[in-house]
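Undergrad: model the structure of this input:
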Amino acid sequence: MHDKTRRTALAALAALALVWGYNWVVMKIATRYAPPVEFAALRLLLGACVLFAIMPVLRKPLRPQYPLAYVAIGVFQSGAFVALATWAVISAGAGKVSILSYTMPLWVAVLARPVLGERLHARHIIALTVAAAGIVLILGFWNARGSLFSDVIAIIAGVCWAIGVVLTKRLQMHAKPDVLSLTTWQMLFGGIVVGIAAIFVPSHATHWTWIYGGALAYNVFLASALAYVLWIFVLNHLPARDASIGTLANPIVGIIAAWLQLGEVPAVNESIGMALVIVALVVLALSPPQQQRIADDKQT
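TA: Purely as a prediction, here's the structure:
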């Protein structure tokens, strides 16, 4: 790989960390004006529309190659994950939700054994143990706090994301779907499911303002369309391990942004817990490539 191409890919990875990391703050702001499920549906559906417009430019196939698989992936990886994560930031800190959602690779390691036949090695067990300790500290069961429910929802969001990743890897074991086509279609199917759910979930009316419009535009054009194009470029020009480790900056950016803009200062136990989860994710990211490939398909 040429040094210039590698530097460009690293710059794209840094831009992704800023866009996806800061989006946790943007999501928190958006939920002040719109119901979380409705916002999640609009984000996914409009984001898919933008990606559909990009696909012919990049000469990508518009027809879904594996529609049933794309539906299943979309329900978990886009629909459930985005809706639950957006719901969680209403009463929980944006930075904390980003960390709990990014436990996804840990759940992938657990699910990969029964679904894909991947073995749990000592490195995985260490990472899971450290992460479990971190999650317990973040949740702080010994304190009666109003955000405990939202914290659990954020973890479930990470589990749903992990299910979507495992389903994607299972598909890739038997076929070679185009990455952008897969991303676009699963986002559309996930958005449709969340949109249907939004019709039946009791909620208040959306308060359309310039701030909310800006938050929605950020999610549609930056966090969805631009970010996924950059992510595909990164995957094509960097080793999977480098890309995986680079995405660990996303929740860190989220924590810092939430602290600076929203005044969210984690408690001592939460800070220690977040640090332990990040350490666990680094340990997992440094696993040998043949065991780590499963955890490399990441989104926010």
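
Undergrad: count of neighbours near the residue nearest to P56 when sequence neighbours are not counted?
TA: Leaving aside its sequence neighbours, P56 sits nearest to L62 (CB to CB, 6 or more residues apart in numbering; 7.0 Å). Quick note: C-beta positions are derived from backbone N, CA and C, even for glycine. The number of residues packed near L62 is 10, by other CB atoms under 10 Å.

Undergrad: which ones are touching L62?
TA: Taking CB atoms under 8 Å, 6 or more residues apart in numbering, we find L62 in contact with F52, M55, P56, S181.

Undergrad: phi, psi of the last one?
TA: Read it as S181. Backbone geometry at S181, expressed as degrees, to the nearest 10, gives phi -60, psi -50.

Undergrad: hmm, who's touching stretch 119-136?
TA: Under CB under 8 Å, 6+ apart, the answer for stretch 119-136 is 100, 103, 106, 109-110, 113, 155, 272-277, 279-281, 283-284, 286-287, 291.

Undergrad: ok, 10 Å please
TA: Outside stretch 119-136, the residues that touch it by CB atoms under 10 Å, 6 or more residues apart in numbering are 99-100, 103, 105-110, 112-113, 118, 142, 151, 155, 158, 269-270, 272-288, 291-292, 295.

Undergrad: which parts of it are buried?
TA: Neighbour-count burial for stretch 119-136, counted by 16 or more other CB atoms under 10 Å, picks out R123, H124, A127, L128, V130, A131, G134, I135.

Undergrad: redo those residues as a markdown table? Include distance to G93 and secondary structure.
TA: Below are those laid out as a markdown table (distance: CB to CB, whole Å; DSSP: H, G, I helix; E, B strand; the rest coil):
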| residue | distance to G93 | secondary structure |
| --- | --- | --- |
| R123 | 30 | helix |
| H124 | 28 | helix |
| A127 | 24 | helix |
| L128 | 24 | helix |
| V130 | 21 | helix |
| A131 | 18 | helix |
| G134 | 15 | helix |
| I135 | 15 | helix |
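
Undergrad: related to what we said a few turns ago, any of the contacts of stretch 119-136 buried? List them.
TA: Using 16+ other CB under 10 Å, the buried ones in these are 99-100, 103, 105-110, 112, 118, 151, 155, 158, 269-270, 273-274, 276-278, 280-281, 283-285, 287, 291-292, 295.

Undergrad: among those, which ones are in helices?
TA: 99-100, 105-110, 112, 151, 155, 158, 269-270, 273-274, 276-278, 280-281, 283-285, 291-292 (DSSP state H).

Undergrad: one step back: and the residue nearest to P56, helix, strand or coil?
TA: Put simply, L62 is coil when judged by DSSP: H, G, I helix; E, B strand; the rest coil.
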